[in-house]
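S.K.: What follows is a predicted protein model with its sequence.
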Amino acid sequence: MPRLRFSRPESGPASDREAPAPTPASVPTSVVPSRPITAGDYANTSNEDRDLIAKVQARLVSEPDNANTRRDPEHWPRRIAALVAEQIEVSGRAITERDRVRLSRHAQAELLGLGPLEPLLADDSISEIMVNGPNSVWVERSGRIELTGATFLNDEHIRRIIDRIISPLGRRCDETTPMVDARLADGSRLNAIIPPLCLNGPTLTIRKFFKKPLGPADLIARGAATTELIELLRACVLGHLNIVVSGGTGTGKTTILNMLSSFIPDGERIITIENAAELQLQQRHVVTLETRPANIEGRGEVAIRDLVVNALRMRPDRIVVGECRSGEALDMLQAMNTGHDGSMTTLHANTPRDAISRMETMVLMAGLDLPQRAIREQISAAVHVIIQLERLQDGSRKIVKVNELTGMEGDVITMSEIFTFQQQGVREGKVVGKIMPTGIRPRFLEKLQQNGINLPPSVFGFSGRQTGA
């Protein structure tokens, strides 16, 4: 009969022991404490508390497993709470009901969840979690980084939490593969790097996603976009324009890609391709593809480029690539140029002009000796719109430019700015400004008109009769 696979607690002081072992194989990794754990549940954890959790762990090791426990997601949280109460009674400790509940949640988080990360993941005000070793856990709130009081017992504790996250995904992080990209159950992005590559201990970075993807109204409320800009972007998606979202690290590229994808009609077949699945599309007809790293023998790797090529054989109406980083840019451009209009991707660049240069560089990374002009002709023919994002000095993330690629003059790709962010100053530490239309009518209006899409002239900053779009 299968049993829970915990490592047996060692003898000696609790402070010298390793952290509780990873989730048992019979427990779904999505099982978390039945009530949200708070930072207060972890505050002032004593060695006596750790001893109690270790004894609960030892009891679980000796208990049989059966099919009923696997079907009931609340079985393990209830059982751990019962064992905590039993151990408190056996030890003769006199504690309040509040402390008993705190200990139960703590034990559940350690044995079933992600330990000290649980209260940080439950805090909706936190957008990023950065673990720089056992005693240095930082978070980002409202664009500002701050140190927290959360700690791990030791390096091994962090390693076990990492393994608990990535093992169900078929990924590994050890001395032979000391770096890994993965995702949490809610789609949050995770990166981990361990010694010997990281000298200050296992380092973990989690980019949290909102439980509900931000929609157009949310972006308008946060000042990241305007009603007119959202109206234009919706028309671009419905009109099957090819869009590249450009920006630096942490500027909100995936958030914007999610928002743009929400405009795709429900009846279209969408293929998403990502290193770690993060997109949260709500349409019914979505196929999600995810890359696979090489195994310990260096075989079996499936890169984004392989998935893009395969996606072309899957009868997609739209291809959405989470991020282009290398040679897959060539295959993406060819897909955009061969009947897969309305495709979207993101890339890292600081300006729209830099985005074009990066696309050229990534095409060359495909290993083909293509002339520079041929590459630029591919880009100018395939990409219609570049949306540029930026994190401003106050930590806010905004769309700062929307550019249309208009063709080529000689060997240079030409662009026109449709929208641009106009900063008016800084008030009480907050950037004051708004993204405004430049008054230029984009050339893609004719394509929109062919798709039966009409935009009011006010979208482009002037009044008059309705513009063909």
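M.R.: Perfect, I can see it now. Please read these numbers as outputs of a predicted model, since none were measured by experiment.
S.K.: Could you look up the SS state of residue 426?
M.R.: Under DSSP: H, G, I helix; E, B strand; the rest coil, residue 426 falls in the strand class.
S.K.: What's the separation between it and residue 221?
M.R.: Note on residue 426: its distance to residue 221, by C-beta to C-beta, to the nearest Å, is 21 Å. (Glycine included, C-beta is placed from N, CA and C.)
S.K.: Which residues does stretch 355-366 contact?
M.R.: With contact meaning C-beta atoms under 8 Å, 6 or more residues apart in numbering, stretch 355-366 is reached by 244, 246, 305, 324-331, 333, 347-349, 370, 372, 375-376, 378-379, 383, 386, 388, 405, 413, 415.
S.K.: ok, 6 Å please
M.R.: Residues from elsewhere that reach stretch 355-366 (C-beta atoms under 6 Å, 6 or more residues apart in numbering): 246, 324, 326, 327, 329, 330, 347, 349, 375, 379, 386, 413.
S.K.: and these as JSON lines, adding neighbour count, secondary structure and pLDDT?
M.R.: Formatted as JSON lines, the contacts of stretch 355-366 follow (neighbours: other C-beta atoms under 10 Å; DSSP: H, G, I helix; E, B strand; the rest coil; pLDDT from 0 to 100):
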{"residue": "246", "neighbour count": "28", "secondary structure": "strand", "pLDDT": "97"}
{"residue": "324", "neighbour count": "25", "secondary structure": "coil", "pLDDT": "92"}
{"residue": "326", "neighbour count": "16", "secondary structure": "coil", "pLDDT": "91"}
{"residue": "327", "neighbour count": "19", "secondary structure": "coil", "pLDDT": "91"}
{"residue": "329", "neighbour count": "29", "secondary structure": "helix", "pLDDT": "93"}
{"residue": "330", "neighbour count": "23", "secondary structure": "helix", "pLDDT": "93"}
{"residue": "347", "neighbour count": "21", "secondary structure": "strand", "pLDDT": "95"}
{"residue": "349", "neighbour count": "20", "secondary structure": "coil", "pLDDT": "96"}
{"residue": "375", "neighbour count": "21", "secondary structure": "helix", "pLDDT": "95"}
{"residue": "379", "neighbour count": "22", "secondary structure": "helix", "pLDDT": "96"}
{"residue": "386", "neighbour count": "23", "secondary structure": "strand", "pLDDT": "97"}
{"residue": "413", "neighbour count": "20", "secondary structure": "strand", "pLDDT": "96"}
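S.K.: Distance to residue 91 added to those, as JSON lines?
M.R.: Below are these laid out as JSON lines (distance: C-beta to C-beta, whole Å):
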{"residue": "246", "distance to residue 91": "59"}
{"residue": "324", "distance to residue 91": "58"}
{"residue": "326", "distance to residue 91": "57"}
{"residue": "327", "distance to residue 91": "61"}
{"residue": "329", "distance to residue 91": "62"}
{"residue": "330", "distance to residue 91": "65"}
{"residue": "347", "distance to residue 91": "57"}
{"residue": "349", "distance to residue 91": "59"}
{"residue": "375", "distance to residue 91": "71"}
{"residue": "379", "distance to residue 91": "69"}
{"residue": "386", "distance to residue 91": "64"}
{"residue": "413", "distance to residue 91": "72"}
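S.K.: Between those residues, which sits nearest residue 459?
M.R.: Nearest to residue 459 among the contacts of stretch 355-366 is residue 386, at 18.0 Å by C-beta to C-beta.
S.K.: ok, the closest one - contacts?
M.R.: For residue 386, the contacting residues are 244, 246, 352, 355, 403, by C-beta under 6 Å, 6+ apart.
S.K.: And residue 419, by the same measure?
M.R.: Contacts of residue 419 by C-beta under 6 Å, 6+ apart are 229, 402, 435, 437.
S.K.: And the pLDDT for it?
M.R.: On pLDDT, residue 419 comes in at 96.
S.K.: can you confirm it is in a helix?
M.R.: No: applying three-state DSSP, one finds residue 419 to be strand, outside a helix.
S.K.: Not counting its neighbours along the chain, what's nearest it?
M.R.: Of all residues not flanking residue 419 in the chain, residue 402 sits nearest, at 4.1 Å (C-beta to C-beta, 6 or more residues apart in numbering).
S.K.: helices or strands next to the helix or strand hosting that neighbour in the packing?
M.R.: Using DSSP states H and E, residue 402 sits in strand 397-409. Secondary-structure packing of strand 397-409 (3 or more C-beta pairs under 6 Å, 6 or more residues apart in numbering; DSSP states H and E): helix 372-382, strand 385-391, strand 412-427.
S.K.: in the chain, what spans have low per-residue confidence?
M.R.: Applying pLDDT under 70 to the chain picks out residues 1-45, 61, 65-71, 463-469.
S.K.: Can you tell me which residue sits nearest the middle of it?
M.R.: In the chain, the C-alpha nearest the mean C-alpha coordinate belongs to residue 189, at 3.7 Å (C-alpha atoms, centre = their mean).
S.K.: Now do stretch 253-267: everything it contacts.
M.R.: For stretch 253-267, contacts defined as C-beta under 6 Å, 6+ apart pick out 213-214, 234, 237, 245, 247, 278-281, 283-284, 318, 320, 344, 346.
S.K.: Repeat the analysis, applying 7 Å as the threshold.
M.R.: The set of residues external to stretch 253-267 that reach it, using C-beta atoms under 7 Å, 6 or more residues apart in numbering, is 213-216, 219, 233-234, 237-238, 243, 245, 247, 270, 278-284, 318, 320, 322, 344, 346, 387, 389.
S.K.: Give me the buried positions along it.
M.R.: Within stretch 253-267, the residues scored as buried using 16 or more other C-beta atoms under 10 Å are 253, 254, 255, 256, 257, 258, 259, 260, 261, 262, 264.
S.K.: can the residues you listed go into TSV with extra columns for secondary structure?
M.R.: Below are these laid out as TSV (three-state DSSP):
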residue	secondary structure
253	helix
254	helix
255	helix
256	helix
257	helix
258	helix
259	helix
260	helix
261	helix
262	coil
264	coil
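S.K.: Closest to residue 133 out of those residues?
M.R.: Nearest to residue 133 among the buried residues of stretch 253-267: residue 254, at 27.2 Å, using C-beta to C-beta.
S.K.: ok, now which ones touch residue 283?
M.R.: By C-beta under 7 Å, 6+ apart, the contact list for residue 283 reads 264, 266, 270.
S.K.: Backbone dihedrals for it, both of them.
M.R.: Per-residue torsions, residue 283: phi -70, psi 160 (degrees, to the nearest 10).
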